[in-house]
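**Q** with the input below, show me the fold.
(chains A and B)
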Amino acid sequence: MTTEANATVILEDTQAPAPRELLLRRALAHKGLLTGGTIVVLLILVAIFAPLLAPHDPFAQSLAHRLQPPVWEEGGNWIYPFGTDQVGRDYLSRLIYGTRVSLTIGFGAATIGMFIGVTLGISAGYFGGWVDHGVSFILTAQLALPGLLLAMALVFIIGPSVWVVIGIIGVLHWTYYLVVTRSATQRLKSQDFVAAASAMGASRWQILRTEILPNVTSQIIVIFTFELGISILAESSLSFLGVGIQPPTPSWGLMIAEGKQALFYRPSLVILPGIALFLLVIGANLLGDGLRDVTAPEGRN
Amino acid sequence: MIRYIMQRAALALAVALVVSFATFMLLNIATDPAYAIAGEDATPDVIEQIRQNYGFDRPVMVRYFEWLGGVAHGDFGESYYWNKPVGELVVERAPVTLTLALSALAVTIVIAIPLGALAALYPNSWIDRFALTFAVSAQAMPNFWLGLILIIFFGVMFPILPISGDSTWKHYVLPAFVLGASSVPAVMRLTRTGLIEVMGSDYIRTARSKGYRGYALLQRHAMRNALLPVVSVLAVQLGQKFGGSVITESIFAINGLGRLALQSILGSDIPTVQMLIFIFAMIFVAMNLLADLLNAALDPRIRI
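**A** Here you go, the predicted structure:
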């Protein structure tokens, strides 16, 4: 009797948890994922509630309060916790509103890149043959182009605006999606369930949409997270060089460029937006690393 | 081997043609170069005159083939902004950027390979964790910001290194570090994974059983194979250094190709921008070709 009872208990205990539950359990045990996720979610909230959080209008200039030091430096005060810039705008408010610019561009560009890269990658992987050769060639050509320089030239020529910057960064950042979805599709194509779907009379389009795409989604999300960080860094570089977001919009890269003029006198103007960028990008990268570990534990290194 | 080289070279040539065509079209269709030359408040008559003088009224395809023919003969066109041949500008500025790119590569190698190797030899130790944290942080840091932080540090607190210009070797220390640091995470990770994989392989176990230990094992057996992929990534990274020089050179006021590119973009100087994009792409293609050939020479399995 007792042995039987014990046996059932053990059986219940070792029963494999549902995949979704397992995923959640792994996610909650992953420190990097939690840290990265928290940072990204917090900054998204900051972006959404920017008007409530910002103590001042980020565009309001006040010549009487130019170049105020931050509160931890001598002469700083709590009215302007992070000080003010050359035209007397509250730096904290500008940093808070800068989250909106970075995240809009990051999400926008990563989405555009995703559509291009995933379409090319799945087609190349599924159809193979000359489609694959053609896509590989486009990939080689794209990798050869100096991305930053081309983006600078195009933004300058077309005319800098948030939408142009999103479009150009997106159009130049799709190679990572392509490489990963291509090899994943090649692997999936030879699986039994794909063959079964095709035997049941599913069209190519149906197979791509209902059999292949759902199985590469987790990988696409991982890359999206990394591309978010890469696109945000690309925008900051463009804006820093003067061929991205234009004043008076508060973009962190642009703020660093503006603060550069007071580099030795008021270094916090350069340091603070850099820390903001660093936080957001490291958050996105940790989240991406974590998601990869959790969804594909065998691919960990 | 010869067949393999020919194949790779043909691919490189095709990429060169496509890249040059794509950039020419993008830069010449998206804008009217006549406007750029004429300036902002030129009358339509003046712009029309310039269009005819420079030949911009002709089809863009014709202009592309003219440009390509010129490049094939060593004629890189005429800069509107600097008023001299683009070829001359490039020759003047190239040595500075070449020095910067090579020193940056040296910085990458010196930091990334030992760090990656140590992390691989002692997995999950403090050095491994340090290397990983370093890689994650370096990847998230905007390159230009790192440069400015170093300028604050060395310009104000420890004025031992010059922070602007390119007249002595000392001027290259900070820019090379900034440009080199951007490649450290990728190269370090690759060294680490490569070496961990190799250390677990059968032939290393054999070598161990023959009595090889420590440095001798690493140097005579493991490193050679682990570094195979690293070599090709380094070649590719060197190719990217030229594109990366745009930011580094503008921060440290170095008069190389990167700064020339930024100045030419801001001056709407399409021929110079076009040529620089083409040159950077060609350097990348050449480095990739070199990486492929190096790999084929080092690893006979690839040559089939």
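
**Q** just give the number of residues close to residue B:19.
**A** 24 (other Cβ atoms under 10 Å in any protein chain shown). For the C-beta atoms, the positions are set from N, CA and C on the backbone; glycine is no exception.

**Q** isn't there a strand covering it?
**A** No - looking at residue B:19 with DSSP: H, G, I helix; E, B strand; the rest coil, it is helix, so not inside a strand.

**Q** what sits against it?
**A** Each residue near residue B:19 by Cβ atoms under 8 Å, 6 or more residues apart in numbering or on different chains is listed here: A:141, A:144-145, B:278, B:281, B:285.

**Q** ditto for residue A:27
**A** By Cβ under 8 Å, 6+ apart, the residues touching residue A:27 are A:33-34, A:290, A:294.

**Q** which parts of the stretch 151-300 of chain A sit against chain B?
**A** The stretch 151-300 of chain A has residues A:152-154, A:156-158, A:229, A:233, A:236-237, A:240-243, A:253, A:256, A:260, A:263-264, A:267, A:270-271, A:274, A:277-278, A:281-282, A:285-286, A:289 near chain B, with proximity defined as Cβ under 8 Å from any Cβ of the partner chain.

**Q** and the residues you listed, which are buried?
**A** A:152-154, A:156-158, A:229, A:233, A:236-237, A:240-243, A:253, A:256, A:263, A:267, A:270-271, A:274, A:277-278, A:281-282, A:285-286, A:289 (16 or more other Cβ atoms under 10 Å in any protein chain shown).

**Q** after the helix or strand hosting residue A:239, which helix or strand is next?
**A** Assigned by DSSP states H and E, residue A:239 falls within helix A:213-240. Later in the chain than helix A:213-240, the nearest helix or strand by DSSP H and E is helix A:252-259.

**Q** could I get the average pLDDT for the helix or strand just after that next one?
**A** From helix A:252-259 onward toward the C-terminus, using DSSP H and E, the following helix or strand is helix A:268-295. What helix A:268-295 shows for mean pLDDT is 92.

**Q** for helix A:268-295, name the packing helices and strands.
**A** helix A:19-28, helix A:31-48, helix A:91-127, helix A:213-240, helix A:252-259, helix B:126-140, helix B:143-152 (3 or more Cβ pairs under 8 Å, 6 or more residues apart in numbering or on different chains; DSSP states H and E).

**Q** okay, angle between the first one and helix A:213-240 too, please.
**A** Put plainly, it is helix A:19-28. 30 degrees (axes from the mean of the first three to the mean of the last three Cα atoms, to 10 degrees).

**Q** also the fifth one?
**A** Counting by the same axes, to 10 degrees, helix A:252-259 lies at 10 degrees to helix A:213-240.

**Q** residues contacting helix A:252-259, please?
**A** A:85-86, A:94-95, A:98, A:101-102, A:235-242, A:244-247, A:266, A:269-270, A:273-274, A:276-277, B:142, B:144-145, B:148.

**Q** the stretch 51-200 of chain B: helices as residue ranges?
**A** Ranges of helices within the stretch 51-200 of chain B are B:60-72, B:86-121, B:126-140, B:143-152, B:173-181, B:184-199, based on DSSP state H, counting those that start in this stretch.

**Q** what residues does residue A:185 make contact with?
**A** By Cβ under 8 Å, 6+ apart, the neighbours of residue A:185 are A:121-122, A:124-126, A:212, A:216.

**Q** closest one of the residues you listed to chain B?
**A** Nearest to chain B among those: residue A:124, at 16.6 Å, using Cβ to the nearest Cβ.

**Q** from what I can see residue A:261 touches residue A:86, true?
**A** Yes - Residue A:261 lies in contact with residue A:86 (Cβ atoms under 8 Å); the separation is 6.9 Å.

**Q** count the neighbours of residue 210 for me.
**A** No chain in the question, so chain A it is. Neighbours of residue A:210 (other Cβ under 10 Å): 12.

**Q** wait, I meant chain B there
**A** For residue B:210, using other Cβ under 10 Å, the count is 9.

**Q** how many other residues sit next to residue 216?
**A** Since no chain was named, I'll use chain A. Per other Cβ under 10 Å, the neighbour tally for residue A:216 reads 23.

**Q** sorry, I should have been clearer: chain B.
**A** Quick note: residue B:216 (other Cβ under 10 Å) scores 11 neighbours.

**Q** tell me which helix or strand it sits in.
**A** Using DSSP H and E, residue B:216 falls in helix B:214-217.

**Q** next secondary structure element downstream of that helix?
**A** helix B:223-251.

**Q** state the distance from the nearest residue to residue B:177 once chain neighbours are set aside to residue B:293.
**A** Nearest residue to residue B:177, sequence neighbours excluded (Cβ to Cβ, 6 or more residues apart in numbering or on different chains): residue B:107, at 5.5 Å. If you measure residue B:107 against residue B:293 using Cβ to Cβ, to the nearest Å, the figure is 25 Å.

**Q** who has more neighbours out of these two?
**A** residue B:107 (21 against 18).

**Q** distance check, residue A:258 against residue A:101.
**A** From residue A:258 to residue A:101 the distance is 14 Å (Cβ to Cβ).

**Q** how about the residues of the stretch 51-200 of chain B that lie near chain A?
**A** Close to chain A, as judged by Cβ under 8 Å from any Cβ, the stretch 51-200 of chain B has residues B:136-137, B:139-145, B:148-149, B:151-152, B:155-156, B:189, B:192-193, B:196.

**Q** give the ChimeraX command for selecting the buried subset of the residues you listed.
**A** The buried residues among those can be selected in ChimeraX (16+ other Cβ under 10 Å) with this line:
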select /B:136,139,140,141,142,143,144,145,148,149,151,155,189,192,193,196
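
**Q** check whether residue A:181 really touches residue A:219, as I assumed.
**A** Yes - counting by Cβ under 8 Å, residue A:219 is a contact partner of residue A:181 at 6.9 Å.

**Q** neighbour-wise, which of the two wins?
**A** Neighbour comparison, residue A:181 and residue A:219: the larger count goes to residue A:181, with 28 against 21 (by other Cβ under 10 Å).

**Q** the more buried one belongs to a helix, doesn't it?
**A** Yes - under three-state DSSP, residue A:181 sits within a helix.

**Q** can you tell me which residues contact it?
**A** Residue A:181 touches A:117-118, A:121-122, A:125, A:216, A:219-220, counting by Cβ under 8 Å, 6+ apart.

**Q** any idea how many residues pack against residue A:114?
**A** Neighbours of residue A:114 (other Cβ under 10 Å): 21.

**Q** from what I can see it touches residue A:222, true?
**A** No - in this structure, residue A:114 is not within contact of residue A:222 by Cβ under 8 Å, at 11.5 Å.

**Q** residue A:193 sits in which helix or strand?
**A** helix A:192-199.

**Q** okay, the angle between that helix and helix A:91-127?
**A** 60 degrees.

**Q** can you name every helix or strand that helix A:192-199 contacts?
**A** Secondary elements touching helix A:192-199 (3+ Cβ pairs under 8 Å, 6+ apart): none.

**Q** neighbouring contacts of it?
**A** Under Cβ under 8 Å, 6+ apart, the answer for helix A:192-199 is A:188, A:206-207, A:210-212.

**Q** what's the closest of these to chain B?
**A** Closest to chain B, out of all of the contacts of helix A:192-199 and judged by Cβ to the nearest Cβ, is residue A:188, at 24.7 Å.

**Q** in a strand, the closest one, correct?
**A** No - counting by three-state DSSP, one finds residue A:188 to be helix, located in no strand.

**Q** list the contacts of the residue positioned nearest the centre of chain A.
**A** Computing the C-alpha centroid of chain A and ranking residues by Cα atoms, centre = their mean puts residue A:228 first, at 1.5 Å. Contacts for residue A:228 (Cβ under 8 Å, 6+ apart) come out as A:106-107, A:110, A:284.

**Q** follow-up on the earlier one: so which of the helices of the stretch 51-200 of chain B gets nearest residue A:54?
**A** Evaluated with Cβ to Cβ, the helices of the stretch 51-200 of chain B place helix B:143-152 nearest to residue A:54, the distance being 22.8 Å.

**Q** now the angle from the closest one to helix B:126-140?
**A** Using the same axes, to 10 degrees, helix B:143-152 lies at 110 degrees relative to helix B:126-140.

**Q** right, I'll leave it there.
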